[in-house]
Each structure stands twice: as C-alpha cells, then as structure tokens.
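Visitor: with the sequence up front, the predicted model follows.
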Amino acid sequence: MSAPISQKHPKGLYVLFFAEMWERFSYYGMRAILLLFLIDNVRGGMGLNAAEGAAIYGLYTASVYLLTLPGGWMADNVLGQKKAIWYGGIIIMLGHIILAVPGGTGIFFLGLVTVALGTGLLKPNISSIVGELYPEGGARRDAAFSIFYMGINLGSVLGITIVGYLGQKINWHIGFGAAAIGMLLGLVVFKLGSAKYLRGFGDVPPAKISTPESAQQTKSNTTLGYGLIVLLIGFLSVLQWTGTIDMTTATGLAQGAGVIIVSVSSFYFLFILVAGGLTPVEKKRVFVLIVFFLAAALFWSGFEQAGSSLQIFAERHTQRSIGTWEMPSSWFQNFNGSFILIFAPVMASLWIFLSSKGLNPSTPVKFALALILLGIGFFVMEMAAKEAVTGSLVSPLFLTFTYLFHTIGELCLSPVGLSSYTKLAPKRYVSQLMGIWFVAASLGNLIAGLFAGNFDENNVQQMPALFNQVTLFSIGFGLLLLVFWKPVKNWMGGIQ
C-alpha cells in the first residue's frame, strides 16, 4: 500500500495549493461572466457586439499572462517570490473591488487593468516556489504540480459555480464582488501558512555572485538588452506606420497585441541566448523551452476558447433546460475543472507508476499527446456545429466530451510544462522563464478571443469550418512533435 500523499509531499505544497485555489476562484469566476457581461444589453452589461466583446476578453486574458514576465523579473531582482505573491494578491483583490462598483466604462476597464497587474505579479512566482520544494526534480515534482493543479481547478469549479450564478442570475457586480472575497481568503491562507511551512523559500531575490568578469558581463548584457528594446520599439513603430497594427478598434488592438506578444517573446529568447551568459548545455535547454512555448501557445489558443467561442456556443446553440429550469451557460466551463479534480490524481499516479517501470513518456511526447487530444475535442465540436447550423439546439453531450478530451490534454501539457520550465530554466532566470511560460498562455488567450470574434450570428454556416481549422492545426503540430521527440529530448541534457 502506498504512503498517504501527506507523507510524500511537504506541507508547504498545501499552503500553495489553497492560496492558488482562492486566487483561481477569483480569476476563473470573473472570467466566466466577463464575455457575457461585455455583450449583455439587457441586464446592465456593456452591450458590445460579439466581435468587440471577444476582442476585449482576449486582450484581458492575454494581458493577465503577458504581465507574468515583468512579474517574474520583479521577484528575481527586487521583491523575492513571497513578497511578489503577497502584493500581487492585494492588487488583484483591489481590482475585483473596483469591478464590483457599478460605474462607467472607465471604472470597469480600470478594474480589469488592476486585476491583470496583480495576477502578473502573483502567478509565475507561486508556481516557482512549488518547483523549489522539489530540488531533486523527476516524477515526484511532476506529481506535485499535478496536485497543485488540482487546487487551481478546485478554485475554478467553485468560482465558476458561485460567481457565475451570482453574475448571471442576480447581478453582474455582485459576481465581481464575490471574486474579491475569494482573493481575500487566498491572502489569509498564504500569510498564515507561508510563515510556518515556507521558511527559506522565496524570501529574497536569488543571490548574485559578483566578480570583475561577471560585472563586465552584466554591463555588456545591459547594453545589449537596451539595444534589443530600441530595436523592438522600432520594429513595432514600423508595423504601426505601415498599418499592420491598427489601434483604433478593439479587434485591431487585439491583433496588434498578438504581434507585440510574439515580438516580445522572440526578443526575450534572443536576449537570453545571446547575452544571458549561458553554457552550451543551458542554451540547448532554452531551445527546448522555445519548442514547448510554441506547442503551449497553440494548445492554449484552442483550449482557452472555453471562455470565448465555446461559451458563445453554449449560450446560443446548446440545450440547457431541465424542465422549467435553465442552467447558466457559464456552468459549462465547470466541466473542465470537474474533470481535472477527477483525473489529476489518476494522471499523477500514472506518471509515477510508469516512471518506476521505465515507461514514463518524455515531456515532448506528452506535449504531442495534448495537442492531438485538443484536436479530437474540436472534431467533436465540428460535429456539433454541423447539427447547430440546422437551427436546432444541440445536446450538451457534445460540449461534455469536448471538455473531457481537452482536460486530459491539459493534464498532459500544463502541469508537465510547469514542472519542465522549473527544471530546464537556468537558475538565475527561473522566475522570468516561468513568466515566458505564461506568455504562451497569453498568446493563446488572445488568439482564442480573436477566433471567437469570427462567430457571425448571421452566418452560422461557417462554424463547422472554423472548428475544423483548429482540429487540423492541433493534430498536425502534435504529430510533428511526435516525429521529432527524440532530438528535443536529447537537448534537455539528461533532465527528465
């Protein structure tokens, strides 16, 4: 009989588990009603059309993850991880309080910006501390991230259920206020638990050893870094001047933000490789992180349609009535969190069992499986869309099975990716590269929002083709990664 989980893992993991659970309660709860609030013109929402609402939704969710990059830098160089988590949580709570105020458009967008800033500070650093609890790495760390992932999704289920119901059935702003209470509970858990069980983890920024050679290297790196920033600004200015980026509409701003995210990520990876002072082995590992970044961005671009195109499909094309009661459409997003709670411990145990037998799939193979499962889920949605174009409401089983395939894919990619980034990243860049991991989610969220904006209520015939595009891209990239998994694994330099 195996030992209980509590004997296998340090208690600090559970402090982080519950702190992250409440933070995700606030994030996913608010996200579940965000697009609905933006396009609502009956119950006091903003009354935007689907394209504008989806673009703003994509911009917000992308910003949340994009800001994890400066959030990681702040922890590595100024605050340390614990303070970054604490201050980030306070800022998130203030943002939700602002959203709870029934004010004008300016107040609402101020709240969104505040939540995004706080999440960027908190999100990468709480994941980094989880990795520090397991310096030996291996399957045990992968299992720990799967348990941590259960906390994320327990918060998701609670948030979508409670905030979704309050927002859709009672009042939008009461829903936003409930998200603020969730973040407050997360702050209390972290403050009390970290003092006892996380001593010595993330208290101060990583120590930097200074020698004349390292000082000269730092000076050269800084000069090159400034040069890359100037080059990036120039590149973006040319795109604006030529009309490639159009900032005059929400959709144009979202498209421009996609170019910016790709540019920032590319320049950051270039900076790390050229001026990061990396050894040849570390450079190969960074190349692996780039491959994982691309795979993750593609995965999230499909997966995160849960809150955009799949949310619209649930609201407008899915049978939700049971007798005289109609289920809130936002509750469909709970399938993912519920399936995570069911399958996360199963997958965590599976990785450890396969590892003990020498059969644990390598990380590139797990990423490939995730993308293939994502494609299968969208193939199911393609079938649902073909039925919906006839004008009838479709069975909720289509969305149920789509979320099932997506969830198993998520468990093959997300906790494994979190663990891989903490293992493969050079120690002095770990929080920053954790930020880059979340930037992949940022890009995916932005693409998901733009994709949802293509849903034209006057032309539902195009839905099957839209879902088919995601199916082909996901399965195609997954098969490509499956073909080249051995070279990618070799670049990992022996890290499992």
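Guide: Arrived safely. Residues are numbered from 1 along each chain as shown.
Visitor: use CA for all of it now, contacts and neighbours both
Guide: Will do.
Visitor: isn't there a strand covering Thr244?
Guide: No: going by DSSP: H, G, I helix; E, B strand; the rest coil, the assignment for Thr244 is coil, not a strand.
Visitor: show me what contacts it?
Guide: Taking C-alpha atoms under 8 Å, 6 or more residues apart in numbering as the criterion, Thr244 is in contact with Gly256.
Visitor: can you pull the pLDDT of it?
Guide: Looking at Thr244, its pLDDT is 71.
Visitor: could you do the one 5 residues further on as well?
Guide: According to the predicted model, the pLDDT of Thr249 comes to 68.
Visitor: any low-confidence regions in the stretch 251-400 of the chain?
Guide: Across the stretch 251-400 of the chain, nothing is flagged by pLDDT under 70.
Visitor: all helices of it, in order?
Guide: Secondary structure of the stretch 251-400 of the chain (DSSP state H, counting those that start in this stretch): helices located at 280-303, 309-317, 334-356, 363-388, 397-424.
Visitor: okay if I get these as JSON lines plus mean neighbour count?
Guide: Converted to JSON lines, the helices of the stretch 251-400 of the chain look like this (neighbours: other C-alpha atoms under 10 Å):
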{"stretch": "helix 280-303", "mean neighbour count": "21"}
{"stretch": "helix 309-317", "mean neighbour count": "21"}
{"stretch": "helix 334-356", "mean neighbour count": "18"}
{"stretch": "helix 363-388", "mean neighbour count": "24"}
{"stretch": "helix 397-424", "mean neighbour count": "23"}
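Visitor: nearest to Leu184, of those?
Guide: helix 334-356 (21.5 Å; C-alpha to C-alpha).
Visitor: quick one: list the elements packing against the closest one.
Guide: helix 138-165, helix 397-424 (3 or more C-alpha pairs under 8 Å, 6 or more residues apart in numbering; DSSP states H and E).
Visitor: out of those, which comes closest to Trp22?
Guide: Between the helices and strands packed on helix 334-356, helix 138-165 lies closest to Trp22; by C-alpha to C-alpha that is 5.6 Å.
Visitor: rewinding a little: select, out of the helices of the stretch 251-400 of the chain, the one closest to Ser265.
Guide: Using C-alpha to C-alpha, the nearest of these to Ser265 is helix 280-303, at 9.4 Å.
Visitor: make TSV from the helices and strands packed on helix 334-356 and add distance to Trp172 to it.
Guide: Listed next are these as TSV, based on distance: least, C-alpha to C-alpha, whole Å:
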stretch	distance to Trp172
helix 138-165	9
helix 397-424	25
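Visitor: least reliable of the ones you listed by average pLDDT, please.
Guide: Among the helices and strands packed on helix 334-356, helix 138-165 carries the lowest mean pLDDT, at a mean of 83.
Visitor: and it, what does it pack onto?
Guide: Secondary-structure packing of helix 138-165 (3+ C-alpha pairs under 8 Å, 6+ apart): helix 12-39, helix 105-132, helix 172-197, helix 334-356, helix 397-424.
Visitor: okay, these in CSV with distance to Asp203 next?
Guide: Formatted as CSV, those follow (distance: least, C-alpha to C-alpha, whole Å):
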stretch, distance to Asp203
helix 12-39, 14
helix 105-132, 10
helix 172-197, 10
helix 334-356, 29
helix 397-424, 18
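Visitor: for Met434, find the nearest of those helices.
Guide: helix 105-132 (5.5 Å).
Visitor: what number of residues lie near Phe271?
Guide: 17 (other C-alpha atoms under 10 Å).
Visitor: where does the prediction get shaky in the stretch 51-200 of the chain?
Guide: 136-139.
Visitor: so which of the helices and strands packed on helix 334-356 is nearest Phe467?
Guide: helix 397-424 (11.7 Å).
Visitor: what's the spacing between the closest one and its chain's center?
Guide: In terms of C-alpha atoms, centre = their mean, to the nearest Å, the centre of helix 397-424 is found 11 Å from the chain centre.
Visitor: tell me, what residue is most central in the chain?
Guide: Of all residues in the chain, the one closest to the mean position by C-alpha atoms, centre = their mean is Ala441, 4.3 Å from it.
Visitor: any idea how far Leu433 is from it?
Guide: Between Ala441 and Leu433 the computed distance is 13 Å (C-alpha to C-alpha, to the nearest Å).
Visitor: go on, Val163?
Guide: 32 Å.
Visitor: before we move on, back to that, nearest to Tyr57, out of the helices of the stretch 251-400 of the chain?
Guide: That would be, of these and by C-alpha to C-alpha, helix 309-317, which comes in at 11.1 Å.
Visitor: give me the contact list for that closest one.
Guide: Under C-alpha under 8 Å, 6+ apart, the answer for helix 309-317 is 305, 329-330, 332-333, 388, 392-394, 399, 448-449, 451-453, 455.
Visitor: give the PyMOL command for selecting the buried subset of those residues.
Guide: The buried subset of those, as determined by 16 or more other C-alpha atoms under 10 Å, is captured in PyMOL by this line:
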select buried, resi 305+329+330+332+333+388+393+394+399+448+449+451+452+453+455
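Visitor: which ones among the contacts of helix 309-317 map onto strands?
Guide: Members of the contacts of helix 309-317 lying in strands (criterion: DSSP state E): none.
Visitor: ok, of the contacts of helix 309-317, which one's closest to Gly409?
Guide: Gln305 (14.4 Å).
Visitor: I'd like to know how far the closest residue to that closest one other than its chain neighbours sits from Ile33.
Guide: Leaving aside its sequence neighbours, Gln305 sits nearest to Ala448 (C-alpha to C-alpha, 6 or more residues apart in numbering; 5.1 Å). Here Ala448 is placed at a distance of 16 Å from Ile33 (C-alpha to C-alpha).
Visitor: that older thread, and the residue nearest to Gln305, how close does it get to Ser128?
Guide: Distance of Ala448 to Ser128, given as C-alpha to C-alpha: 26 Å.
Visitor: so for Gly256, which of the helices of the stretch 251-400 of the chain sits nearest?
Guide: Among these, helix 280-303 sits nearest to Gly256 (C-alpha to C-alpha), with 16.3 Å.
Visitor: what does the closest one contact?
Guide: 269, 273, 364, 367, 370-371, 374, 406, 413, 417, 421, 424-426, 436-437, 440-448, 470, 474, 477, 488, 491-493.
Visitor: repeat for stretch 392-407
Guide: Counting by C-alpha under 8 Å, 6+ apart, 303, 310, 314, 317-320, 332, 335-336, 339-340, 370, 373-374, 376-378, 380-381, 384, 387-388 sit against stretch 392-407.
Visitor: so how far is it off the chain centroid?
Guide: 22 Å.
Visitor: tell me which residues of stretch 485-496 are tucked away?
Guide: Trp485, Val488, Lys489, Trp491, Met492, Gln496.
Visitor: now go through those residues and say which are in helices.
Guide: Applying DSSP state H to the buried residues of stretch 485-496, the entries found in helices are Trp485, Val488, Lys489, Trp491.
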